[in-house]
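Student: Any chance you can model this:
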Amino acid sequence: QDTMALRSQLNVVISVCRALEFAHANGVIHRDVKTENIMIGEFGETYLLDWGIAIRLEHIESVPKGVVGTPACMAPEMLSGEPTAITKVTDVYLLGTVLHELLTGLPRHDAPSTLGALTQANLSLAFEYSEDVPEDLAALTNRACAKSPADRPQSVEAFRLEIERHLELWESLKIRDLADAKMGALRALVEFAPADPAVDHHRAVRRLFSEARFGFAQAEHLAPGCPGIQEGIQQVTRIMLRWCMAQGLVGECEALLSSLKTKPADLVAELDALKARKAQDALRADRLERFGESYARNPSRKGRMILALSVAVATMSLVIGTVIYDSLHPTEISPRRLIYTMGGLAVAAILGAFLGRKTLFANRLGEHLTSSVVYGFVCAALLAVAGDRLGATGEAVMVGQMLIGSLSMANSYPIIGLGRWGAGFAAAMAVVSLLLPHATHAALLATGSVCVGLLCYDWLVRDAGLSASAAPAAPEGDVADPALWDGLDGMGPL
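Tutor: Numbering: from 1, shown residues only. Alright, predicted model coming up:
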């Protein structure tokens, strides 16, 4: 049926109902309401015709017995032929047959013979309507054509009010159906990611949810209590809520959950679990941020350059001077001589740390650096003093100094990004010295040169490259070297 044509026909049925209401108010029952007895006038007026078998309730005892009416439309109580079996709800049954014919285009008791039609009237089984028939009209028709008069609407007025309610809901139902379609599209989009990578999945999901939710709200505004609207609101909200949970959108989840009249326990539990995960993530992010501030490379860069240049100049001067002196005056390396050489390097390291103190001690990275590098040189000098006082050989002291250098370089990682290489080289030179004692001094010089070279390369060359490749929008203090993050998850509270 064309929807506009059906609306017009329903208005005709309403007019017929009003005519019957007037008749019933005056104690008259029509007994033959059918589409053939309804006429539309030239100006749209409605006429209910053929009152020939109508009866007055006040004279019902005088009405002759006999089966009268139209078989295709008869109510089951009419088959008894007893006039006293006829009531006002008999006309309600007949109105149901009229509505049935408008919805299907066929008589209610559609049979090839009169006997077949009467048999169907006697059974008065519920009819199964197609999906294109409005559910409320289908239900009203089956209730009006119920076998038992007690199961029917108990007056023509009640029948008419349900049709009027349907017409009032018509626009609301159309909007509701459109919202249902949007909700179906939303469900499909949420369950199956779009194949086209150009599709903005998040924007499409939000758009469909907004359209569906607004549609249901608009339908509710037009006709409060419209069937299916509250269920639709609940369903579309649950779909969006689960999607927001999958995206980790706690704020939106809380807002959506609060909008539900009934809060499902499973969704509440899932949201609580999500909030717990988010709290853990926030705590870890806070630790990462504070870690980044404490171990950022940029604040201490100037101080590190001063320290590196101080140590490098002192080391290279010492190495060159030692090589020249040993070539002119080859003597055994004693602990006392090592006191002077390592003491000089320790003084250079302390001086460099003093000159760059404003930036070196700006955060924990600088403090860690000072304790690793400066204390390493100081400890190497103190080891020479101890060796001189205890009578140790120069080779033993130099091996110990190489091991101190190895520990210092290892401890300076990741502040010195190549610290592990320097630590490994120093340890290797110590092993060579144990195997070849006569090469101990050369190994110490090589260890110092390599470690200082790695330090200068890391801070003056590699550090500049890392700073240049950092994101332009990153604020000062961001950690450029990924190595600084090694092992963070295993650290305690900062």
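
Student: Just give the number of residues close to Met342.
Tutor: Close neighbours of Met342, defined as other CB atoms under 10 Å, add up to 27. C-beta coordinates here come from the backbone N, C-alpha and C atoms, glycine included.

Student: three-state assignment of it?
Tutor: With DSSP: H, G, I helix; E, B strand; the rest coil as the basis, Met342 sits in helix.

Student: quick one: contacts for it?
Tutor: Contacts of Met342 were listed using CB atoms under 8 Å, 6 or more residues apart in numbering, and they are 377, 380-381, 383-384, 401.

Student: If we ignore the residues flanking it in sequence, what's nearest it?
Tutor: Ala381 (4.1 Å; CB to CB, 6 or more residues apart in numbering).

Student: you'd agree that neighbour is up against Ala346?
Tutor: Yes - counting by CB atoms under 8 Å, Ala381 does reach Ala346; the two are 4.5 Å apart.

Student: and Met39, which of the three is it?
Tutor: Under three-state DSSP, Met39 comes out as strand.

Student: List the contacts of it.
Tutor: Contacts of Met39 (CB under 8 Å, 6+ apart): 46-47, 49.

Student: Could you check how far it is from Leu49?
Tutor: Counting by CB to CB, to the nearest Å, the gap from Met39 to Leu49 is 6 Å.

Student: for Ile163, same thing?
Tutor: 21 Å.

Student: out of the two, which sits in the busier spot?
Tutor: More crowded of Ile163 and Leu49, by other CB under 10 Å: Ile163, with 19 against 13.

Student: Which helix or strand contains that one?
Tutor: Per DSSP states H and E: Ile163 is located in helix 156-191.

Student: If you count neighbours, what's buried in that helix?
Tutor: For helix 156-191, burial by neighbour count (16 or more other CB atoms under 10 Å) applies to 156-157, 159-160, 162-163, 166, 169-170, 172-173, 175-176, 178-180, 182-183, 185-187, 189-190.

Student: Moving C-terminal from that helix, which element do we reach first?
Tutor: Next along the chain from helix 156-191, counting by DSSP H and E, comes helix 201-222.

Student: what residues does the helix or strand just after that following helix touch?
Tutor: Per DSSP H and E, helix 201-222 leads on to helix 229-247 as the next helix or strand towards the C-terminus. Helix 229-247 is contacted by residues 172, 176, 179-180, 183, 186-187, 190, 202, 205, 209, 212-213, 216-217, 219-220, 252-253, 256-257, 259-262, 264, 267, 270-271, 274 when judged by CB under 8 Å, 6+ apart.

Student: what's the spacing between helix 229-247 and its chain's center?
Tutor: With CA atoms, centre = their mean, to the nearest Å as the basis, helix 229-247 stands 12 Å off its chain's centre.

Student: buried ones in that helix?
Tutor: Going by neighbour count (16+ other CB under 10 Å), the buried part of helix 229-247 is 229, 232-237, 239-245.

Student: Just want the angle from it to helix 156-191.
Tutor: Between helix 229-247 and helix 156-191, the angle comes out at 10 degrees (axes from the mean of the first three to the mean of the last three CA atoms, to 10 degrees).

Student: Which strands and helices lie in contact with the following helix or strand past helix 229-247?
Tutor: The helix or strand immediately downstream of helix 229-247 is helix 250-259, counting by DSSP H and E. Secondary-structure packing of helix 250-259 (3 or more CB pairs under 8 Å, 6 or more residues apart in numbering; DSSP states H and E): helix 229-247, helix 265-294.

Student: Looking at these, which is nearest to Trp421?
Tutor: helix 265-294 (24.3 Å; CB to CB).

Student: Dump the helices and strands packed on helix 250-259 to JSON lines, plus mean pLDDT and distance to Ala146.
Tutor: Formatted as JSON lines, these follow (pLDDT from 0 to 100; distance: least, CB to CB, whole Å):
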{"stretch": "helix 229-247", "mean pLDDT": "87", "distance to Ala146": "27"}
{"stretch": "helix 265-294", "mean pLDDT": "78", "distance to Ala146": "40"}
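
Student: Which among those helices is found nearest to Leu57?
Tutor: That would be, of the helices and strands packed on helix 250-259 and by CB to CB, helix 229-247, which comes in at 41.9 Å.

Student: burial measure for Thr447, as a count.
Tutor: Other residues close to Thr447 by other CB under 10 Å number 26.

Student: Could you do the one 10 residues further on as well?
Tutor: Neighbours of Tyr457 under the rule other CB under 10 Å: 15.

Student: okay, it: pLDDT?
Tutor: With respect to pLDDT, Tyr457 scores 82.

Student: what's the spacing between it and Ile416?
Tutor: Tyr457 is 10 Å from Ile416, by CB to CB.

Student: Likewise for Lys263?
Tutor: 56 Å.

Student: For these two, work out which one has more neighbours and name it.
Tutor: Ile416 (29 against 12).

Student: in a strand, that's where that one is, yeah?
Tutor: No - counting by three-state DSSP, Ile416 is not found in a strand; it is coil.

Student: okay but it is in contact with Cys456, surely?
Tutor: No - contact criterion CB under 8 Å: Ile416 and Cys456 do not qualify, at 10.1 Å.

Student: Let me know the average pLDDT across whichever strand or helix holds Val311.
Tutor: If you go by DSSP H and E, Val311 is part of helix 301-328. Here helix 301-328 scores 83 as its mean pLDDT.

Student: same for that helix, what does it pack against?
Tutor: helix 335-355, helix 357-360, helix 364-369, helix 440-456, helix 463-469.

Student: Give the buried residues for the second one.
Tutor: If you call a residue buried by 16+ other CB under 10 Å, then helix 357-360 has these buried ones: 359-360.

Student: Run the chain-centre distance for it.
Tutor: 46 Å.

Student: Packing partners of that helix?
Tutor: helix 301-328, helix 364-369.

Student: 10 Å instead, please
Tutor: helix 301-328, helix 335-355, helix 364-369 (3 or more CB pairs under 10 Å, 6 or more residues apart in numbering; DSSP states H and E).

Student: Indicate which one of the ones you listed is closest to Leu283.
Tutor: helix 364-369 (19.8 Å).

Student: Now the closest one: average pLDDT?
Tutor: 76.

Student: Which elements pack onto it?
Tutor: On the basis of 3+ CB pairs under 10 Å, 6+ apart, helix 364-369 makes packing contacts with helix 265-294, helix 301-328, helix 357-360, helix 394-412.

Student: what about 7 Å?
Tutor: Packing partners of helix 364-369 (3 or more CB pairs under 7 Å, 6 or more residues apart in numbering; DSSP states H and E): helix 357-360.
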